[in-house]
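Novice: Quick one, what's the 3D model for this:
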Amino acid sequence: MYKRLLTFPPRDSYFLFGARSTGKTFWLRKLYPENDPAYWWVDFLNTDVALEYTHRPQKLFDDFLNKTPKPRRIII
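Specialist: This is a model prediction of the structure:
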């Protein structure tokens with residue numbers, strides 16, 4: 001495995017861009033484990049999830065408010 005140039009978790013919101021199959025999701029999953037309640041993963045590649053939030057965008061905010069404990073990060 002190659003050492004990544006990104007070695008930090010940014011403090012604020014950020015976009016992670018890059019070519020396909022370069023390890024973006026892998027890096028995020030190492031940094032923000034999906035089974036840790038501190039991080040909420042919303043997978044828009046899952047058709048059901050994408051349709052649900054596309055039809056009712058307010059639901060994303062409502063779902064966040066109903067989360068216990070509140071996640072520190074939301075990964076979309």
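Novice: Next, the buried residues of the lowest-mean-pLDDT helix or strand in the chain.
Specialist: When the helices and strands of the chain are compared on mean pLDDT, DSSP states H and E, helix 24-31 comes out lowest with a mean of 89. Within helix 24-31, the residues scored as buried using 16 or more other CB atoms under 10 Å are L28. (Glycine included, C-beta is placed from N, CA and C.)
Novice: Just the C-alphas of it, formatted as CSV.
Specialist: What follows is helix 24-31, C-alpha atoms only, in CSV (Å, rounded to 0.1, in the frame of the first residue of the first chain):
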residue,chain,number,x,y,z
LYS,A,24,-10.6,8.2,-1.3
THR,A,25,-13.2,6.0,0.3
PHE,A,26,-10.6,3.7,1.8
TRP,A,27,-8.9,6.7,3.4
LEU,A,28,-12.2,8.0,4.7
ARG,A,29,-13.1,4.6,6.2
LYS,A,30,-9.8,4.4,8.0
LEU,A,31,-10.2,7.9,9.3
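Novice: C-terminal to that helix, what's the next element?
Specialist: strand 39-41 (DSSP states H and E).
Novice: does I75 really touch V42, like I thought?
Specialist: Yes. I75 is in contact with V42 according to CB atoms under 8 Å; the separation is 7.1 Å.
Novice: who touches D12 in this structure?
Specialist: D12 is in contact with no residue at all, counting by CB atoms under 8 Å, 6 or more residues apart in numbering.
Novice: Can you read off the pLDDT for Y2?
Specialist: pLDDT, Y2: 66.
Novice: so who does E34 touch?
Specialist: Contacts of E34 (CB under 8 Å, 6+ apart): W41.
Novice: For it, which phi and psi angles does the backbone take?
Specialist: Per-residue torsions, E34: phi -70, psi -30 (degrees, to the nearest 10).
Novice: Look up how far R56 lies from it.
Specialist: Distance of E34 to R56, given as CB to CB, to the nearest Å: 24 Å.
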